[in-house]
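Peer 1: this is a predicted model, with the sequence first.
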Amino acid sequence: MADKKYALVTGGSRGIGRAICIALASELNYPVLINYQSNIQAAEETRDIIVAGGGEAELIQFDVSNGAETHAALANWKDQHPESIIEVIVNNAGVARDGLFLWMENDDWTTVINTSLNGFYHVTKPLMQDVLRQRYGRIINIVSVSGVKGTPGQTNYSAAKAGLIGATKALAQEIAKRNVTVNAVAPGFIETDMTHTLDEKELKKLIPLNRFGKAEEVADLVCFLASKKASYITGEVININGGIYS
């Protein structure tokens with residue numbers, strides 16, 4: 001029996017990822033693995049907030065778009081924690097390279113697909129065996145309203161997130177018998193570093209609730225899906241967007 005159950009959040013150093021890390025530690029008492037790619041300062045800040053609140057957190061650095069690097073980091077962590085298991089996997093890492101498809105560079109297409117969609121594969125696959133063996137786990141993929149309805153100027157991002165939605169629905173059916181749920185959370189406009197360049201005043205007019213969401217509100221939903229309370233929910237895409245697309 002694994003002695004310690006962890007939650008891993010990719011792209012956990014800032015924004016929605018940070019809020020999810022803090023919520024999983026404080027609400028569900030998980031020791032949290034905060035994945036980050038390069039911004040160690042932001043990752044350490046997230047860890048310090050969790051520790052200050054009485055929680056546990058560790059940093060784990062890898063680029064989800066790089067399969068070899070991801071596998072090596074996860075294998076190394078497992079070697080150092082032989083009795084532990086990562087039973088909650090939150091695939092949150094993502095990157096936007098917006099622009100009209102007509103002018104989209106190859107790199108802008110592949111970087112976005114490699115991070116959101118291939119990143120899910122690189123992270124989730126090596127961790128699957130443990131959750132299937134213990135017959136309990138939660139896989140939560142952070143997608144986007146763009147992946148549900150498509151957003152002009154974000155064909156790459158919409159494609160990556162829509163692909164992740166398809167993966168969520170298929171994998172949920174494959175592993176449901178083992179009591180492992182797979183769900184997706186699709187935020188609309190949320191106040192983060194990623195959206196701070198947007199014209200919030202204009203965009204608010206499109207949102208029935210007339211405001212951007214908060215990262216903490218997304219984190220609360222993720223926490224619910226990661227909890228025992230959500231045991232009968234799998235293969236779902238839950239929108240959290242203030243009514244902009246429902």
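Peer 2: Received the coordinates, thanks. Numbering: from 1, shown residues only.

Peer 1: tell me how many other residues surround Arg14.
Peer 2: Look at Arg14: counted by other Cβ atoms under 10 Å, it has 18 neighbours. Every C-beta, even on glycine, is put in place using the N, C-alpha and C of the backbone.

Peer 1: so what's it closest to, chain neighbours aside?
Peer 2: Leaving aside its sequence neighbours, Arg14 sits nearest to Ala42 (Cβ to Cβ, 6 or more residues apart in numbering; 4.9 Å).

Peer 1: show me which helix or strand of the protein is least confident by mean pLDDT.
Peer 2: When the helices and strands of the chain are scored by mean pLDDT, DSSP states H and E, helix 200-203 comes last with a mean of 82.

Peer 1: next secondary structure element downstream of that helix?
Peer 2: Sequence order places helix 215-226 as the next helix or strand after helix 200-203, per DSSP states H and E.

Peer 1: and that following helix, what does it pack against?
Peer 2: helix 15-27, strand 84-91, strand 137-142, strand 180-187, strand 237-240 (3 or more Cβ pairs under 8 Å, 6 or more residues apart in numbering; DSSP states H and E).

Peer 1: list the contacts of that helix.
Peer 2: For helix 215-226, the external contacting residues (Cβ atoms under 8 Å, 6 or more residues apart in numbering) are 7, 15-16, 18-20, 22-24, 27-28, 30, 88, 90, 138, 140, 142, 181, 183, 185, 187, 190-192, 230, 233, 238, 240.

Peer 1: need the buried ones from those residues selected in PyMOL.
Peer 2: For the buried members of these, the matching PyMOL selection, counting by 16 or more other Cβ atoms under 10 Å, is:
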select buried, resi 7+15+16+18+19+20+22+23+24+27+28+30+88+90+138+140+142+181+183+185+187+190+191+192+230+238+240
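
Peer 1: rewinding a little: so which of the helices and strands packed on helix 215-226 is nearest Gly153?
Peer 2: Between Gly153 and the helices and strands packed on helix 215-226, the shortest separation by Cβ to Cβ is 17.4 Å, and it involves strand 180-187.

Peer 1: tell me the mean pLDDT for that closest one?
Peer 2: For strand 180-187, mean pLDDT is 98.

Peer 1: so who does the residue nearest to Arg14 touch?
Peer 2: 13-14, 18, 36.

Peer 1: separation between Ser144 and Gly163?
Peer 2: 12 Å (Cβ to Cβ, to the nearest Å).

Peer 1: between the two, which one's more packed in?
Peer 2: Each of Ser144 and Gly163 has its neighbours counted (other Cβ under 10 Å); Ser144 has more, 27 against 17.

Peer 1: returning to what we had before: would you format the helices and strands packed on helix 215-226 as TSV with distance to Ala73 included?
Peer 2: As requested, these are exported to TSV (distance: least, Cβ to Cβ, whole Å):
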stretch	distance to Ala73
helix 15-27	16
strand 84-91	12
strand 137-142	18
strand 180-187	22
strand 237-240	28
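
Peer 1: and those: which comes nearest Thr151?
Peer 2: Nearest to Thr151, of the helices and strands packed on helix 215-226 and by Cβ to Cβ, is strand 180-187 at 11.7 Å.

Peer 1: identify the residues contacting that closest one?
Peer 2: 16, 131-132, 135-145, 147-148, 161, 164-165, 168, 171-172, 175, 213, 218, 221-222, 225, 230-231, 233-241.
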